[in-house]
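Engineer: Here is my input, please return the structure:
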Amino acid sequence: QPPDPSQSHMRRTLRRLLSAAPPRTPNRALSFTATRVLRHGSRERQPPSSPDEVVSFKVVDREGTNHEVKGKVGDNLLYLFHHLQESNDKLYLEGACEASLACSTCHVILDEPTYDKLEEPVEEEDDMLDMATCLTATSRLGCQIILSKELEGMTVTFPKYSKNFYVDGHIPQPH
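Structural biologist: Have a look, this model is predicted:
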């Protein structure tokens, strides 16, 4: 059976690349480094490195109570709420799909000026918002909002209820 011309081209390319690589010193031990493992929401558990990183904003919980909260620049809103709920269970935001754009359980309602500051939602977010309960013109998924200084003073309102179509009634714990 004749050799496949594409395979011989791949072999020639591989030989060319290998011959161009710097030679390895045979006695030099290989070393590997690894960064610290970050779990979902680990970043949101770290304190801000400076006061300039702090973003203060208001949250209106499902019962209509106002809460002043602080996050830091770069925090994902969903994971920040997972962290905040440890000290205040009224700040509960589910996030059943763990920010993979596969549900609408982290649906939040933003004040109009804040909504206008954000980029348009991607198509997948719009599709998930179509399934959200209590949808408004300024609804977004919390997992798609990353805090910035531009969002200082925003108001985030939780809808009166949310529906997890997969396991309604189960309350997952952040991990």
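
Engineer: If we go by neighbour counts, what in stretch 133-149 is buried?
Structural biologist: For stretch 133-149, a neighbour-count test (16 or more other CB atoms under 10 Å) marks Thr136, Thr138, Ser139, Arg140, Leu141, Gly142, Cys143, Gln144, Ile145, Leu147 as buried. Backbone N, C-alpha and C define where each C-beta goes, glycine included.

Engineer: Look at the closest residue to the second one other than its chain neighbours and give its secondary structure.
Structural biologist: Spelled out, that is Thr138. Of all residues not flanking Thr138 in the chain, Tyr115 sits nearest, at 4.0 Å (CB to CB, 6 or more residues apart in numbering). Classification of Tyr115 by DSSP: H, G, I helix; E, B strand; the rest coil places it in helix.

Engineer: And the pLDDT for Tyr115?
Structural biologist: In this prediction, Tyr115 carries a pLDDT score of 97.

Engineer: Might you report the residue contacts of it?
Structural biologist: Counting by CB atoms under 8 Å, 6 or more residues apart in numbering, Tyr115 touches Ala137, Thr138, Arg140.

Engineer: Which single one of those residues is nearest to Glu125?
Structural biologist: Arg140 (7.3 Å; CB to CB).

Engineer: How is the closest one assigned, secondary-structure-wise?
Structural biologist: Arg140 ends up strand, using three-state DSSP.

Engineer: so where's the protein shaky on pLDDT?
Structural biologist: When residues are selected by pLDDT under 70, those of the chain lie in 1-43, 165-175.

Engineer: quick one: which of the buried residues of stretch 133-149 is nearest Glu86?
Structural biologist: Gly142 (16.5 Å).
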